[in-house]
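**Student:** Quick one: sequence and predicted model below, then my questions.
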Amino acid sequence: MREDKQKPSQKTLMQQAWFWPAIYGGMALMIVAVIFGFNQLYESQQETALVEEAMLPEPGLVETAAREETLKYPFKEELVNEVAILQNFYDVNADAASREKALLVFDQVFTASTGVSIAINSEPFEVVAAMSGEVVEVKMDEFTGNTIIMEHADGKQTRYSSVADILVKAGDKVTQGEQIATSQGNDWNPTVGVHLYFEVLEQGVLVDPRKFLSF
């Protein structure tokens with residue numbers, strides 16, 4: 001009688017019809033829970049990544065902003081009323097007086113000016129970048145005047161000659177209005193005294209800076 005009243009053994013429980021379905025059902029619930037938790041974690045990480053990506057500047061945004069810049073004066077804008085253009089860009093279609101003013105003379109040899117010679121009260125002044133860009137070359141030549149050459153995102157190139165106290169070097173990224181040098185005189189064009197010789201190239205062709213600027 002005592003043997004008949006003993007509790008069912010573990011083997012007897014495993015033989016019950018509900019035992020294995022219950023085990024499989026519990027395991028399935030655990031697997032579903034793990035998958036659900038993983039998906040929730042993945043979605044959270046994706047949302048975080050999207051938020052961080054949205055906070056970053058879009059590729060090309062800086063370049064696009066640079067492309068939208070317009071050419072400005074290669075000196076501090078507040079000095080514009082004190083500026084004197086000593087020599088103009090040589091334009092074959094200009095009147096005789098303008099063409100004569102656009103000729104550079106050295107050792108009785110005339111050369112057509114490919115830029116403008118800018119002076120401010122016959123004194124040295126800060127030369128600034130007319131547009132944001134990269135310095136591609138700095139030429140040191142005391143006779144003709146040191147030159148800084150910059151390239152810009154819109155395809156223009158600007159050249160700043162007859163400068164001293166140069167603050168940049170090839171490879172430097174410069175923002176519009178940032179000082180890059182100081183104007184000075186040179187032996188090649190001594191009659192104009194202290195000045196900046198400013199040139200602009202558009203798609204590789206020298207153009208009159210006054211096409212973009214009002215002096």
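**Tutor:** Cool, the structure landed. Predicted model only: the values in this text are computed from it and were never measured. Numbers count the residues shown, from 1 in each chain.

**Student:** Contact partners for the residue nearest to A102 when sequence neighbours are not counted?
**Tutor:** Spatial nearest neighbour of A102, chain neighbours left out: Y90 (3.8 Å); criterion: C-beta to C-beta, 6 or more residues apart in numbering. Backbone N, C-alpha and C define where each C-beta goes, glycine included. Shown in contact with Y90 (C-beta atoms under 8 Å, 6 or more residues apart in numbering): 99, 102-103, 112-114.

**Student:** is it possible to export those residues to TSV including neighbour count and secondary structure?
**Tutor:** Output for the contacts of Y90, formatted as TSV (neighbours: other C-beta atoms under 10 Å; DSSP: H, G, I helix; E, B strand; the rest coil):
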residue	neighbour count	secondary structure
R99	16	helix
A102	22	coil
L103	13	strand
A112	12	strand
S113	22	coil
T114	17	coil
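
**Student:** Give me the below-cutoff pLDDT ranges for this structure.
**Tutor:** For the chain, the stretches flagged by pLDDT under 70 are 1-25, 28, 32-34, 36-67, 105-108.

**Student:** re earlier: biggest separation within the contacts of Y90, which pair?
**Tutor:** The span of the contacts of Y90, defined through C-beta to C-beta, is set by R99 and T114 at 13.4 Å.

**Student:** What lies in contact with stretch 171-181?
**Tutor:** 69, 72, 126-135, 146, 148, 150, 160, 163-168.

**Student:** Any of those buried? List them.
**Tutor:** 69, 126-133, 135, 146, 148, 150, 160, 163-164, 166-168 (16 or more other C-beta atoms under 10 Å).

**Student:** Please state the backbone phi and psi of E100?
**Tutor:** Main-chain dihedrals, E100, degrees, to the nearest 10: phi -70, psi -40.

**Student:** Please apply the same query to T191.
**Tutor:** phi -70, psi -20.
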